[in-house]
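J.: Predicted structure and sequence below. I'll ask about it afterward.
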2 protein chains.
Amino acid sequence: MVSSTADYALRAVLLLASRDDAQAITSNEIADATGTPRNYMAKVLNAVAKSGLISSTRGPAGGFSLAIRPSEITLGRIFDLFDSPPHHPRCLLGSGPCDLARPCRAHKAWMSVTGAQRAPLLSTTVADLLDGRVAPSPRKSSTESRHVA
Amino acid sequence: MVSSTADYALRAVLLLASRDDAQAITSNEIADATGTPRNYMAKVLNAVAKSGLISSTRGPAGGFSLAIRPSEITLGRIFDLFDSPPHHPRCLLGSGPCDLARPCRAHKAWMSVTGAQRAPLLSTTVADLLDGRVAPSPRKSSTESRHVA
DNA sequence: AGCAATACTGATATCAACATGAGAAACTCG
DNA sequence: CGAGTTTCTCATGTTGATATCAGTATTGCT
């Protein structure tokens, strides 16, 4: 459901956010601490740094450090770097005209589902994750009881 | 976010559910109507049929038809056939003991996020999609206003 | 029995994500 | 200026999902 690359990025950002000191950590340290392949993590960090979430300094005592505050980093912002949000180019029902401007019923309902899936990524920040704080879970069992008979 | 295979399966089921007559449709008809590759759709339909959601009859005038009512088919049931739900084998924060029984704070929050993403898949049925009906969207802006300053 | 239509099965090709390795660029120190 | 440390970049290998093809099994009809 979430690519491993985006998962690596999340772990790295989470690790950086968990230490308050502005001291930079090397790519290898991050890889070892998060249990990810060293060379690959270096590439992932590079991509994240390009987006502006983290900053990198080269040379001795160099490494990576958080560029903005954890409360500003939503999960969606991290995942969007690698996993592009899905778009349904063709209508879910085969026939009939159905574009984005005038989606068919199924298309409309589907967009709502994907939107609901995306909501917690947009509302949850890295700071929330560190504090164990959690986005409000949607109340269930409202549609659950409809399809019993 | 959702594999193309699962997407194909959803379209096929949606197409079958959209016609009330119990007449079977051939694999090729389904593929053409949904705009998916013929040979691949045949294989996907085969897998869906094995799970019991649809039934298949061979020979002339054969094809596929819905095995159970659309209101009984949740989206999660279709997607789980191909996209296995993600599990986080390693803790999100590198160090410290953290298993599934006693998850760390970050782990706990993460599980809540993934759970919230999965909720609409479990509560929405194929019948809902056909009717344009939609799962209740989680109330937002409760965590949204926290990270402004 | 034999033919045609259809679902099924396995082997194979294709492609993108994942991962590795080596070397170049950049920075800090003596 | 030179040496050491670290990020950065490119080329290559590996894996799994995606897609195709050819062949087999099953059923209905004549």
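T.: Great, that's in hand. As the structure is a computational prediction, the values presented were derived from the model and not from experiment. Residues are numbered from 1 along each chain as shown, chains lettered A, B, ... in the order given.
J.: Where does chain A get nearest to DNA strand C, which residue?
T.: A:P37 (2.4 Å; C-beta to the nearest atom of the strand). Where C-beta positions appear, they are placed from N, C-alpha and C, glycine not excepted.
J.: Apart from its neighbours in sequence, what residue is nearest that residue?
T.: A:A31 (6.7 Å; C-beta to C-beta, 6 or more residues apart in numbering or on different chains).
J.: Below-threshold pLDDT in chain A: ranges please.
T.: A:1, A:20, A:85-91, A:93-102, A:135-149 (pLDDT under 70).
J.: Write out the residues of it neighbouring DNA strand C.
T.: Proximity of chain A to DNA strand C, by C-beta under 7 Å from any atom of the strand, involves residues A:3-5, A:8, A:37-40, A:43, A:57-62, A:82.
J.: hey, where'd the helices end up in chain A?
T.: Secondary structure of chain A by DSSP state H: the helices cover A:4-18, A:27-34, A:38-51, A:75-79, A:105-123, A:126-131.
J.: would a markdown table of those with mean neighbour count be doable?
T.: Listed next are the helices of chain A as a markdown table, based on neighbours: other C-beta atoms under 10 Å in any protein chain shown:
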| stretch | mean neighbour count |
| --- | --- |
| helix A:4-18 | 21 |
| helix A:27-34 | 18 |
| helix A:38-51 | 16 |
| helix A:75-79 | 21 |
| helix A:105-123 | 20 |
| helix A:126-131 | 22 |
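J.: A:R69 is nearest to which of these?
T.: helix A:126-131 (7.5 Å; C-beta to C-beta).
J.: Tell me if the closest one is near chain B.
T.: Yes. With C-beta under 8 Å from any C-beta of the partner chain as the criterion, chain B is reached by helix A:126-131 at A:A127, A:D128, A:L129, A:L130, A:D131.
J.: circling back to that earlier point, ok, so of the residues of chain A next to DNA strand C, who is nearest B:H107?
T.: Nearest member of the residues of chain A next to DNA strand C to B:H107, counting by C-beta to C-beta, is A:Y8, at 16.0 Å.
J.: so who does the spatially most central residue of chain A touch?
T.: Geometric centre of chain A, nearest residue: A:F79, 2.9 Å, by C-alpha atoms, centre = their mean. The neighbours of A:F79, taking C-beta atoms under 8 Å, 6 or more residues apart in numbering or on different chains as the test, are A:V2, A:A6, A:A9, A:L10, A:L121.
J.: ok, which of the residues of chain A next to DNA strand C also contact DNA strand D?
T.: A:N39, A:K43, A:T57, A:R58, A:G59, A:P60, A:A61, A:G62.
J.: which residues touch the third one?
T.: Going back to what we said before, that points to A:T57. Contacts of A:T57 (C-beta under 8 Å, 6+ apart): A:A24, A:G63, A:S65.
J.: Those residues of chain A touching DNA strand D, which are they?
T.: Residues of chain A lying near DNA strand D (C-beta under 7 Å from any atom of the strand): A:26-28, A:39, A:42-43, A:45-46, A:49, A:56-64.
J.: Count residues in the vicinity of the closest residue to A:Q23 other than its chain neighbours, would you?
T.: Leaving aside its sequence neighbours, A:Q23 sits nearest to A:S65 (C-beta to C-beta, 6+ apart; 7.2 Å). Applying other C-beta atoms under 10 Å in any protein chain shown, we find 17 residues neighbouring A:S65.
J.: now A:S65: how far from A:S27?
T.: Here A:S65 is placed at a distance of 12 Å from A:S27 (C-beta to C-beta, to the nearest Å).
J.: go on, A:S123?
T.: From A:S123 to A:S27 the distance is 30 Å (C-beta to C-beta).
J.: What of A:A47?
T.: Taken as C-beta to C-beta, the span from A:A47 to A:S27 is 12 Å.
J.: Equivalent analysis for A:A9, please.
T.: From A:A9 to A:S27 the distance is 13 Å (C-beta to C-beta).
J.: same thing with A:R19?
T.: 15 Å.
J.: right, and A:F64 touches A:A47 too?
T.: No. With contacts counted by C-beta atoms under 8 Å, A:F64 stays clear of A:A47, the gap being 11.8 Å.
J.: which residues do these two both contact?
T.: Common neighbours of A:F64 and A:A47 (C-beta under 8 Å, 6+ apart) do not exist.
J.: Save the helices of chain A as CSV, and put in distance to B:T114 too.
T.: Converted to CSV, the helices of chain A look like this (distance: least, C-beta to C-beta, whole Å):
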stretch, distance to B:T114
helix A:4-18, 11
helix A:27-34, 18
helix A:38-51, 20
helix A:75-79, 11
helix A:105-123, 8
helix A:126-131, 12
